[in-house]
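Visitor: heads up, no residue letters with this:
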């Protein structure tokens, strides 16, 4: 155990500050060396929204029923040839309005063993007045279940909401994720909040969101999936991005 000497306190404070402000990032894990199966689980942001394929003419046959899964599958499998000879299977277990507590409750049923799990939840917890500590407890439970199933866990930060109602909960929760799981070889934290903001914590980038200010639009989902690929799935060329 580290003794609390003055010098150690300075080191601990410096490390905590670096984690909070994103100066230290976990290096991308070699997740695809372990599994070719990915489960995305969370709330309506994971469940996705319907959009037209931006590369195709606007017609019913070009509707994308889940923009998030479309882009995630696109980035993973268009880049997979450099990493694996087999296609990566992506399964979506997003349920609209789910809290982290509800995700925790259904995790063992909805997610397979020996897989990669992408988790994103929290905004509905804060909307339903759950405390940051309660949400942290749910995430801790989910991480334990993932480890018991030999899953690798990728947790995305809660992204800004356009109304700014939950900033007082989102910021400390996202900070807790980085500090709590730092150094855990089976958990990757993806700092998605800043990617969806206008450069200021809790202030969303309207160009990446639907008019409700809560759900990403097709450009927002594309950015999320690309950044998830960069940070979590071994695109070493961009591993310095945070």
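Guide: Thanks, I have it. Everything quoted here is computed from the prediction, not taken from an experiment.

Visitor: how about stretch 137-152: buried residues?
Guide: 138, 139, 141, 142, 143, 145, 146, 149, 151, 152 (16 or more other CB atoms under 10 Å). All C-beta spots, glycine's among them, are computed from the backbone N, C-alpha and C.

Visitor: low-confidence ranges, the chain, go.
Guide: Within the chain, the ranges that satisfy pLDDT under 70 run 1-34, 50-65, 79-86, 234-242.

Visitor: can you check which helix is longest in it?
Guide: helix 132-148 (DSSP state H).

Visitor: and it, what does it pack onto?
Guide: helix 100-110, strand 116-120, helix 123-127, strand 152-156, helix 167-180 (3 or more CB pairs under 8 Å, 6 or more residues apart in numbering; DSSP states H and E).

Visitor: recalculate using a threshold of 6 Å.
Guide: helix 100-110, helix 167-180 (3 or more CB pairs under 6 Å, 6 or more residues apart in numbering; DSSP states H and E).

Visitor: how much space between residue 199 and residue 193?
Guide: In this view, residue 199 and residue 193 are 11 Å apart by CB to CB, to the nearest Å.

Visitor: these two - which one has more neighbours?
Guide: residue 193 (21 against 7; other CB atoms under 10 Å).

Visitor: mind listing the strands for this structure?
Guide: 37-42, 51-52, 63-64, 89-94, 116-120, 152-156, 187-190 (DSSP state E).

Visitor: of these, which approaches residue 208 most closely?
Guide: strand 51-52 (12.9 Å; CB to CB).

Visitor: residue 152 contacts residue 116, doesn't it?
Guide: Yes - if you go by CB atoms under 6 Å, residue 152 and residue 116 touch, sitting 5.0 Å apart.

Visitor: tell me who's in contact with residue 169.
Guide: 126, 132 (CB atoms under 6 Å, 6 or more residues apart in numbering).

Visitor: what separation do you get for the closest residue to residue 219 other than its chain neighbours and residue 119?
Guide: In this structure, residue 219 finds its nearest non-sequential neighbour in residue 208, 5.7 Å apart by CB to CB, 6 or more residues apart in numbering. To residue 119, residue 208 is 21 Å away according to CB to CB.

Visitor: who has more neighbours, those two?
Guide: residue 119 (25 against 21).

Visitor: could you verify my assumption that the more buried one touches residue 155?
Guide: Yes - counting by CB under 6 Å, residue 119 sits close enough to residue 155 to count as a contact (4.9 Å).

Visitor: sorry, back to before: which one, of the strands of the chain, ends up nearest to residue 165?
Guide: Closest among the strands of the chain, using CB to CB: strand 116-120, at 18.3 Å.

Visitor: what helices or strands is that closest one leaning on?
Guide: For strand 116-120, the packing partners by 3+ CB pairs under 6 Å, 6+ apart are strand 37-42, strand 152-156.
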